[in-house]
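[1] got a structure for you, letters missing:
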């Protein structure tokens, strides 16, 4: 939900209980005020009646009035009653429905006799006014809230505009891209500060990234050069005629070790560069063609091990990837399958627009499957591998958020690796 | 054949110089961009091997200079950076090949020969060794004018041997030349053995003497010497 919608919703949610609670509170306040007024009225009427009765004491026949209000009843002379309020309902003669009535009863001494005076006052109308008032106030309140919300949305849209511009700028920001335009400045100090901080932060990030990139490249250079020297010197040495067979074997092993070290170095650097997201450019890569090419490259080796590829390829399969990484990914999966497959077996290679799957026969893993994609995790029986192939596969799959799964079928004794492709996520 | 080696690392420069002098090249070396630019201007070379990472600048500048003066020299870039963009820039500038450190000297030698062959415009590019003749344009191999049917890998094997005659070639160098990084060492040696056996048999079937000597534990030598 957008920020604006969210604040508006919360405001509305807060306004509703305030409106309902307010209505009740307001009503009860008015109700109480009306009762007080009615009571005062009754008291003053009682006093008036008392005065009139004392000036002109009622004769027994003249007790009462045509509308029986106030109602005056003769009582024994010992009768005493303090002014007492009470509520009752009476049938309204005109509207034929019960209405609330307030009563005031008191004993009055007049002309030596004692009377009970009862004064009535219907207050239903006042109550109706109270209700109408409450409802009116609440409606006004809600309307006001509505208008304020509308205004708020309009104002917020204007005020937050620099913020959305900054977000847009951030979204298009790429660490490995060229320096982008500066963040938009604003008259609002908070946004200006945000812009400024972001500018500094991205600048620092870019600098760090460049440093790291430089380090990776330098490390590559610094390590590969001594290896190149060692390799060249060994080659020159091997041309010497005075070497025994044992010497040659030693040199062969040294050469192999140098090659492995160099490959490991390159793989580690590749891992670092993938981690640093230095392979930004994506483009549609024809995976069908790539798989076809790689199967061709490994065909020799397959024939040698008496393996057979069972490819199941679509007519075309274009996936948005970095071409170099796509090749590293598929090469390592195919190489892994070819290496670890039992001789004279089949390797099933399946490619669709949704996934790449490769299945090869083989003994169960000598270690738990969750360690399979770890760096330098390898079969102790084949210690000459770099131990980085599947780590690279995992890293590349992670970069593109492509799920990578491994499964072993104990019945068929097959290892299966599946990479599931994803439609290009917009936010990556 | 005149060769200019531009390499800042003294040990590697010396090793390369020694190796290529043994191969019969006239070798000039340069250690810095300044030296390289100067020497490239002073003489005409048949081939220039240039390291990209030089202490005082980028080796690509040497290539730019060579191309500006319309030099006909073949250019091979040697770089410690396994970087695709460097490679592409180098090839765009007009270099002929790109090699990543560490490399086998025999590999560099084969590349230089290939570049030199390609520079022979209109000339005879056929590689000959005894009765064997190999035509790089169409990958055809003949022994005493009889065509030999070789697979792609066998062809590359033979060309590598012919480019490095009388040299002990390690199994590692041969395997890397044929399969590159696609194969790990242990896997490729068995495979190499099979391919070499097949190549030997095909050549032998056409009456070619066996020039390929096995040095146990070390590798192979392609030589007429016994």
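    Good, I have the coordinates. Nothing here was measured: the structure is a model prediction, and the numbers come from that model.
[2] use CA for all of it now, contacts and neighbours both
    Fine.
[3] Next, count neighbours for residue A:106.
    Residues lying near residue A:106 (other CA atoms under 10 Å in any protein chain shown) number 19.
[4] so what's it closest to, chain neighbours aside?
    The spatial neighbour of residue A:106 that comes closest, neighbours along the chain excluded (CA to CA, 6 or more residues apart in numbering or on different chains), is residue A:83 at 4.3 Å.
[5] how about the helices in chain B?
    Taking DSSP state H, the helices of chain B run over residues B:10-22, B:33-42, B:60-68, B:84-93, B:105-119, B:152-163, B:171-179, B:185-205.
[6] do you know which of those lies nearest residue A:375?
    Distance to residue A:375, taken as CA to CA, is lowest for helix B:185-205 among the helices of chain B, at 19.3 Å.
[7] any idea of the angle that closest one forms with helix B:152-163?
    80 degrees (axes from the mean of the first three to the mean of the last three CA atoms, to 10 degrees).
[8] For helix B:185-205, buried residues please.
    Residues B:185, B:187, B:188, B:189, B:191, B:192, B:195, B:196, B:199, B:200, B:202, B:203 are the ones in helix B:185-205 that count as buried (16 or more other CA atoms under 10 Å in any protein chain shown).
[9] Report the residue spans of chain A with pLDDT below the cut-off.
    For chain A, the stretches with pLDDT under 70 are A:1, A:59-67, A:176-180, A:383-384, A:423-428.
[10] now stretch B:127-147, how far from the chain's geometric center?
    Averaging C-alpha positions (CA atoms, centre = their mean, to the nearest Å) puts stretch B:127-147 19 Å from its chain's average.
[11] Tell me, how many residues neighbour the closest residue to residue B:223 other than its chain neighbours?
    The shortest distance from residue B:223 to any residue other than its chain neighbours is 4.7 Å, reached at residue B:166 (CA to CA, 6+ apart). For residue B:166, the tally of surrounding residues (other CA under 10 Å) stands at 19.
[12] nearest spatial neighbour of whichever residue of chain B sits closest to chain A, skipping sequence neighbours?
    Using CA to the nearest CA, the single residue of chain B nearest to chain A is residue B:102, 3.9 Å away. In space, and not counting its chain neighbours, residue B:102 is closest to residue A:228: 3.9 Å by CA to CA, 6+ apart.
[13] Tell me how far the helix or strand hosting the one you found lies from the chain's centre.
    For residue A:228, the host element (DSSP states H and E) is helix A:189-238. From the chain centre to the centre of helix A:189-238 is a distance of 34 Å (CA atoms, centre = their mean).
[14] With stretch B:1-8 instead?
    On CA atoms, centre = their mean, the centre of stretch B:1-8 falls 14 Å from that of its chain.
[15] can you tell me which residues contact residue 118?
    Here I'm looking at chain A. A:69, A:70, A:71, A:72, A:103, A:104, A:105, A:106 (CA atoms under 8 Å, 6 or more residues apart in numbering or on different chains).
[16] wait, I meant chain B there
    Taking CA under 8 Å, 6+ apart, we find residue B:118 in contact with residue B:125.
[17] The stretch 101-250 of chain A against chain B: which residues are in contact?
    When proximity is defined by CA under 8 Å from any CA of the partner chain, the stretch 101-250 of chain A lies next to chain B at A:217, A:220-221, A:224-225, A:227-229, A:231-233, A:235-236, A:238-239, A:245-246, A:248-249.
[18] what inclination does the lowest-mean-pLDDT helix or strand in chain B have with respect to helix B:60-68?
    Using mean pLDDT, DSSP states H and E, helix B:84-93 stands out as the lowest-scoring helix or strand of chain B, at a mean of 85. Helix B:84-93 runs at 20 degrees relative to helix B:60-68, counting by the same axes, to 10 degrees.
[19] which parts of helix B:84-93 are buried?
    Of the residues in helix B:84-93, B:86, B:87, B:90, B:91 count as buried by neighbour count, 16+ other CA under 10 Å.
[20] so can I have a markdown table of those showing distance to residue B:68?
    As requested, the buried residues of helix B:84-93 are exported to a markdown table (distance: CA to CA, whole Å):
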| residue | distance to residue B:68 |
| --- | --- |
| B:86 | 19 |
| B:87 | 20 |
| B:90 | 14 |
| B:91 | 15 |
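[21] Pull out the buried positions in the helix or strand hosting residue A:152.
    Element membership for residue A:152, per DSSP H and E: helix A:124-159. Within helix A:124-159, the residues scored as buried using 16+ other CA under 10 Å are A:127, A:130-131, A:133-135, A:137-138, A:141-142, A:145-146, A:149, A:152-153, A:159.
[22] does the residue nearest to residue B:223 really touch residue B:213, like I thought?
    No. Here residue B:166 lies out of contact with residue B:213, judged by CA atoms under 8 Å, at a distance of 9.9 Å.
[23] Mutual contacts of these two, please.
    Joint contacts of residue B:166 and residue B:213 (CA under 8 Å, 6+ apart) are B:221, B:222, B:223.
[24] What residues does chain B have near chain A?
    By CA under 8 Å from any CA, the residues of chain B that approach chain A are B:9, B:11-12, B:15-16, B:19, B:80-82, B:101-105, B:167-168, B:170-172, B:182-187, B:191, B:194, B:215-218.
[25] If we use 7 Å, what do you get?
    Residues of chain B that fall close to chain A, judged by CA under 7 Å from any CA of the partner chain: B:11-12, B:15, B:19, B:80-81, B:101-105, B:167-168, B:172, B:184-185, B:191, B:216-218.
[26] Just the buried residues of these.
    By 16+ other CA under 10 Å, the residues of chain B next to chain A give B:11-12, B:15, B:19, B:80-81, B:101-105, B:167-168, B:172, B:184-185, B:191, B:217-218 as buried.
[27] now the helices for the stretch 301-428 of chain A?
    Secondary structure of the stretch 301-428 of chain A (DSSP state H, counting those that start in this stretch): helices at A:323-340, A:389-399.
[28] So which of the ones you listed is nearest chain B?
    It's helix A:323-340; of the helices of the stretch 301-428 of chain A, that one is closest to chain B (CA to the nearest CA) at 7.5 Å.
[29] Just the buried residues of that closest one, please?
    For helix A:323-340, by 16+ other CA under 10 Å, it's A:323, A:325-335, A:337-339.
[30] ok, back up a step: let me see the contact set for the residue of chain B closest to chain A.
    By CA atoms under 7 Å, 6 or more residues apart in numbering or on different chains, the contact set of residue B:102 is A:224, A:225, A:227, A:228, A:231.
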